[in-house]
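A.B. asks: Please find the sequence and the predicted model below.
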Amino acid sequence: MTTISDNLQGVRERIAQACNTVGRDVNAVTLLAVSKTFGPEEVAEAIAAGQRAFGENYVQEGVEKVLALRATHADAGLQWHCIGPVQSNKTRLVAAHFDWVQSVDRLKIAERLSEQRPEGLLPLQVCLQVNVDGGANKSGVAPDALPALAHAVAGLPGLRLRGLMCIPEPAPDFDSQRGLFLRARGLFDDLNAQGLNLDTLSLGMSDDLDAAVAAGSTMVRVGRAIFGSRPRG
């Protein structure tokens with residue numbers, strides 16, 4: 001039976017191979033371990049194996065883990081990303097406890113996060129979630145509405161706009177996956193050409209991270225390949 005440490009090593013090797021294939025520096029791709037539905041004990045195993053950045057989909061569950069693990073690993077330099085949908089009634093929790101939020105797709109949510117980010121904390125690092133393929137069941141701002149949202153969010157105090165995140169519908173093969181991710185890369189490049197200083201392209205998960213790296217992803221969000229099948233939820 002493989003351990004979380006073994007799984008992490010395997011994912012890191014997979015990222016390194018994907019980078020090598022397309023001539024990218026492996027240090028240009030950050031691994032975000034998606035720990036939703038797993039408890040502090042499993043996350044602590046990942047921390048012991050050198051992982052520092054974690055993603056949570058459910059705000060309340062995530063905050064409980066943030067508080068527990070910051071208490072026990074105060075000097076570990078942990079970084080917490082909210083990667084799930086953010087409802088208006090949860091913005092205060094996100095603003096107070098997370099370092100990043102990758103799933104902003106409405107100006108109203110960004111404005112609330114800006115207003116509610118506590119003084120004394122570093123700016124909340126923000127990615128805009130974009131719906132690159134028009135999937136009816138996917139969250140995300142439509143590509144044609146992205147520039148206006150990006151420029152508005154970039155001007156909000158207490159936030160720092162870092163880039164884009166997307167979760168396209170599953171595609172059947174590498175080329176199809178890469179093609180979807182290249183749409184996001186094109187939007188990212190367009191925003192930078194408009195004067196926004198973006199550095200983060202959060203693309204790819206357990207099943208398609210190789211194609212995401214080939215398309216230029218700077219952050220891959222991996223859960224199942226690290227922690228195994230979800231125990232609940």
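C.D. replies: Sure thing, it's come through. Note that the structure is a prediction, hence the values are computed from the model and not measured.

A.B. asks: Any regions of the protein where pLDDT drops low?
C.D. replies: By pLDDT under 70, the weakly predicted segments of the chain are 136-137, 231-233.

A.B. asks: redo that, cut-off 50
C.D. replies: 233 (pLDDT under 50).

A.B. asks: Tell me where it has helices.
C.D. replies: 4-22, 40-48, 59-72, 91-97, 107-116, 146-154, 174-193, 209-215, 224-227 (DSSP state H).

A.B. asks: what's the closest of those helices to Gly84?
C.D. replies: Closest of the helices of the chain to Gly84 is helix 59-72, at 7.1 Å (criterion: C-beta to C-beta). Heads up, the C-betas are built off the backbone N, CA and C, glycines and all.

A.B. asks: List of residues touching stretch 88-95?
C.D. replies: The contact list for stretch 88-95 (C-beta atoms under 8 Å, 6 or more residues apart in numbering) reads 59-60, 63, 82, 86, 101, 108-109, 112-113, 116-118, 124, 158.

A.B. asks: out of these, who's nearest Phe227?
C.D. replies: Cys82 (17.8 Å).

A.B. asks: Val22 versus that closest one, what's the distance?
C.D. replies: As judged by C-beta to C-beta, to the nearest Å, Cys82 and Val22 stand 29 Å apart.

A.B. asks: what's the answer for Gly120, then?
C.D. replies: Distance from Gly120 to Val22, by C-beta to C-beta: 41 Å.

A.B. asks: Between those two, which is the more surrounded one?
C.D. replies: Using other C-beta atoms under 10 Å as the criterion, Gly120 and Val22 rank with Val22 on top: 12 against 5.

A.B. asks: How much space separates the spatially closest residue to Arg160 that is not a sequence neighbour from Ala211?
C.D. replies: Nearest residue to Arg160 in three dimensions, chain neighbours excluded: Pro123, at 4.3 Å (C-beta to C-beta, 6 or more residues apart in numbering). Pro123 sits 31 Å away from Ala211, taking C-beta to C-beta as the criterion.

A.B. asks: Neighbour count for these two, which is higher?
C.D. replies: Each of Pro123 and Ala211 has its neighbours counted (other C-beta under 10 Å); Ala211 has more, 23 against 15.

A.B. asks: residues contacting that one?
C.D. replies: Per C-beta under 8 Å, 6+ apart, neighbours of Ala211: 174-175, 177-178, 181, 204.

A.B. asks: repeat that for 10 Å
C.D. replies: Going by C-beta atoms under 10 Å, 6 or more residues apart in numbering, Ala211 touches 18, 171, 173-182, 203-204, 217.

A.B. asks: Can you tell me the closest non-neighbouring residue to it?
C.D. replies: Ala211 sits nearest to Gln177 (C-beta to C-beta, 6+ apart), 3.6 Å away.

A.B. asks: The one you found: how many residues sit nearby?
C.D. replies: 23.
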